[in-house]
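Asker: Predicted model follows, preceded by the sequence.
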Amino acid sequence: MFDPNRYDGRMPYRRCGKSGLLLPAISLGFWHNFGHVDDFEEARRMMRRAFDRGVTHFDLANNYGPPAGSAEENVGRILVEDFVAHRDELIISTKAGHNMWHGPYGEWGSRKHLLSSLDQSLKRLRLNYVDIFYSHRPDPDTPLEETMSALATAVHSGKALYVGLSKYPLKKLKKAVKILKKMGIRTLVYQPPYSILNRWPESEGILDWLQEEGIGCVVFSPLAQGMLTPKYYNGIPEGSRAARSEGFLQTSQVEAQQEKIRALGDLAAAQGTPLHHLAIQWTLRSPAVTSSIIGARTVAQLDDCLDALQSTPPDDAALEQIDAIAPGTRGRDAEG
C-alpha cells in the first residue's frame, strides 16, 4: 500500500536530543486543514503521501480543527483505515492546555484537564497510547508540580511514551524539567514557534540550553504561518489566511513584516532557492533543532515543502544576510 522505498535516505532522521528516538527532519502538523470543515479525502491523501516520503511524525493537539477535536477524529479514522499495520512506524504526538471544552476544567494545566484531555484524545485518535504528550502552554495559576505530575502519570499509566513542553519561557522550562526529573521522567522534547521572522527561542537562550541539556526541539510555524512564501510578496491576496477575519494570522502582522518578506524573497531568488525552502532549511541549520513541523492544504503543497530538503542550505554569507534583514528579537507571536 505504501512506498517500499520510503526509508531510502531521502528523508533524514535526527536524534531527539540525547534520547533513543529518531524523528524526521520535517514533520507534518495538523493545526490547520484537517478539521471537519476541510476536505477529508485530501487530508487522507496528504497523510499517505507524507508517509510515502518518510514522514513518520504526525503532530496534533486536542483543540485542532475546527471544530476543536475534529483533527484528531479525522486522523483517528485515517489511522484505523490506512495505517493500522504501520502504528509502530509512527510517532503520534498530541497536546493539552489550550481551550478545549466549556467549564473550569476545559483548559490550562490542572491535573484534571491534562489527564481528561489525554483520555479524550486517545478515543478520538482510536489509539491505546500516544508517543508524545505535551503540556501545550504554561499555566500562570496552577502549581507547576501539579502540571508535571499529570505528565508523569501519563507515562506511568502507559498512555504516553514520552512527554514534552510547548511555549514555556526559559525560567519556567528549566523548573519544569527539574521537577519532571525528580519524578523519574525525562523531558524528551520542547516545541516552540520558530522562524526567520520569530527568533525568540534564540534570543531567550532556549535553543542553547536545550542543546546543553540534551532535550530535543521540534519547531512549528517555520514559514511564519505562510508569510515566508511568495504568497505575501506584494500584499495580502484574496482568500489567503491573512485575508480571513478568523485565525491567528492578521493583516497587521503581514503588513508589519512586508519589507522583510520582500528582502528575504530577493535573497532567496539570488540563491536560486524558493523562499519557503530557504526558511525551512534555516530552521534546520541549528544543531538544537530536531525537526521542523510543516502544514499543508494540498498534496502539492506538502510535496513542495518536503522538497525543501533537496534545496541547498544557506551558506555562511546567506546566514549573515538573513541576520541583517531579520535579527533576533524577543517576544512570541504564535499559538500552535
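Answerer: Thanks, I have the structure now.

Asker: Wait, G54 touches L22, no?
Answerer: No: counting by C-beta atoms under 8 Å, G54 stays clear of L22, with 11.2 Å between them. Placement of C-beta: from N, CA and C, glycine included.

Asker: which of the two has more neighbours?
Answerer: G54 (21 against 15; other C-beta atoms under 10 Å).

Asker: Phi, psi for the closest residue to L319 other than its chain neighbours please.
Answerer: What sits nearest to L319 in space, not counting adjacent residues and going by C-beta to C-beta, 6 or more residues apart in numbering, is R285, at 7.2 Å. Here is the backbone geometry of R285 (degrees, to the nearest 10): phi -70, psi -30.

Asker: S291 too?
Answerer: phi -150, psi 150.

Asker: Kindly report the same for R15.
Answerer: The phi/psi pair for R15 (degrees, to the nearest 10) reads phi -70, psi 130.

Asker: Quick one: neighbours of it, just the number.
Answerer: 13.

Asker: tell me the contacts of it?
Answerer: By C-beta atoms under 8 Å, 6 or more residues apart in numbering, the residues touching R15 are 21-22, 216, 290.

Asker: who does the one helix or strand S292 maps to pair up with?
Answerer: Here S292, judged by DSSP states H and E, is contained in strand 291-294. Each strand paired with strand 291-294, and its direction, by DSSP bridges: strand 26-29 (parallel), strand 216-219 (parallel).

Asker: where does that strand sit relative to the chain's centre, distance-wise?
Answerer: Distance of strand 291-294 from the chain centroid (C-alpha atoms, centre = their mean, to the nearest Å) equals 6 Å.

Asker: Which strands or helices does the helix or strand just after it pack on?
Answerer: Sequence order places helix 299-306 as the next helix or strand after strand 291-294, per DSSP H and E. Here helix 299-306 touches strand 26-29, helix 40-52, helix 275-284, strand 291-294, going by 3 or more C-beta pairs under 8 Å, 6 or more residues apart in numbering; DSSP states H and E.

Asker: Reformat those as TSV; add mean pLDDT.
Answerer: Below are the helices and strands packed on helix 299-306 laid out as TSV (pLDDT from 0 to 100):
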stretch	mean pLDDT
strand 26-29	98
helix 40-52	98
helix 275-284	98
strand 291-294	98
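
Asker: Nearest to M100, out of these?
Answerer: Proximity to M100, assessed across the helices and strands packed on helix 299-306 by C-beta to C-beta, is greatest for strand 26-29 (17.7 Å).
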